[in-house]
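Peer 1: A predicted structure for the sequence below; I have some questions about it.
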Amino acid sequence: MSRLDLHRDAARGRWFASGGQRGPHHPRCVLAPALLWLASLCAVAAPAFAQAPAPGANVAPNVAPNVDAVVQAGRWSEAEAGEGGYRVVVIGQGFEHVSTRVLAQWKADGGEDGQARIVHEAELVAPGSYSLAAPKLTPTASGVRVELRGVATYDSRRRVVCRFDLAPGGKVTVVRACGL
């Protein structure tokens, strides 16, 4: 024997028995799709509002959206290229298995036009194998040491530590490779 529930059809002002089942005019059957639709609108709009910079915020106009970190440290000097600082750029790539590409750059100080320029660039870590955090740069007597920490892309239990030495002239020495 099923239990009979009495419900009021608010639009028509009538009471009806549902017999434990909900028909198409039941308030929950009408409101549920509308509430789900409203919730989906909020879920789509919320990230856009959360990521929008505040009015008057200092936003770097030339940084690509997939750049995760840019760290500068140390100084270099070359006879033909001038002088400048070392910079390491960490770029996130991928969708399902997000990996990291890491570039070392020798950035020359601004010239007569005031614009800095990249004199040398070297890829420290190719995309595909590792997901790395922002680098730690430590000035050394000959340049700068770059330390990267993270995990292997396809096995997040496998921790990774990489170390590189950067020197004037675009020279890179692998102190500890990422896969070791």
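Peer 2: Sure thing, it's come through. Remember, it's a predicted structure, so these values are computed and weren't measured experimentally.
Peer 1: wait, what's in contact with the closest residue to G169 other than its chain neighbours?
Peer 2: Beyond its immediate neighbours in the sequence, the residue positioned closest to G169 (CB to CB, 6 or more residues apart in numbering) is E78, lying 6.1 Å away. C-beta here means a position set from N, CA and C on the backbone, and glycine is covered the same way. Contacts here follow CB atoms under 8 Å, 6 or more residues apart in numbering; on that basis E78 touches 119, 168-169.
Peer 1: which of those residues are buried? Put it as a ChimeraX command.
Peer 2: Applying 16 or more other CB atoms under 10 Å to the contacts of E78, the buried members can be selected in ChimeraX as follows:
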select :119,168
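Peer 1: columns secondary structure and distance to C178 on top of the contacts of E78, output as TSV?
Peer 2: TSV is the format used below for those (DSSP: H, G, I helix; E, B strand; the rest coil; distance: CB to CB, whole Å):
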residue	secondary structure	distance to C178
V119	strand	25
P168	coil	24
G169	coil	23
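Peer 1: measure the residue nearest to G169 to G143 for me?
Peer 2: In this structure, E78 lies at 12 Å from G143, with CB to CB, to the nearest Å as the measure.
Peer 1: run a quick neighbour tally on L132.
Peer 2: The tally of other residues near L132 (other CB atoms under 10 Å) stands at 25.
Peer 1: just Q115 next, same as before
Peer 2: Burial of Q115, expressed as a neighbour count using other CB under 10 Å, amounts to 9.
Peer 1: also Y86?
Peer 2: 24.
Peer 1: what's opposite it in the beta bridge?
Peer 2: Taking DSSP bridges as the rule, Y86 bridges to A73, W106.
Peer 1: now do V161
Peer 2: With DSSP bridges applied, V161 shows beta-bridge pairing to R149.
Peer 1: wait, what's in contact with it?
Peer 2: 147-149, 176, 178.
Peer 1: what would those look like in JSON lines with neighbour count, pLDDT and distance to S99?
Peer 2: Listed next are the contacts of V161 as JSON lines, based on neighbours: other CB atoms under 10 Å; pLDDT from 0 to 100; distance: CB to CB, whole Å:
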{"residue": "E147", "neighbour count": "14", "pLDDT": "96", "distance to S99": "18"}
{"residue": "L148", "neighbour count": "23", "pLDDT": "95", "distance to S99": "13"}
{"residue": "R149", "neighbour count": "15", "pLDDT": "94", "distance to S99": "15"}
{"residue": "R176", "neighbour count": "13", "pLDDT": "94", "distance to S99": "19"}
{"residue": "C178", "neighbour count": "21", "pLDDT": "89", "distance to S99": "11"}
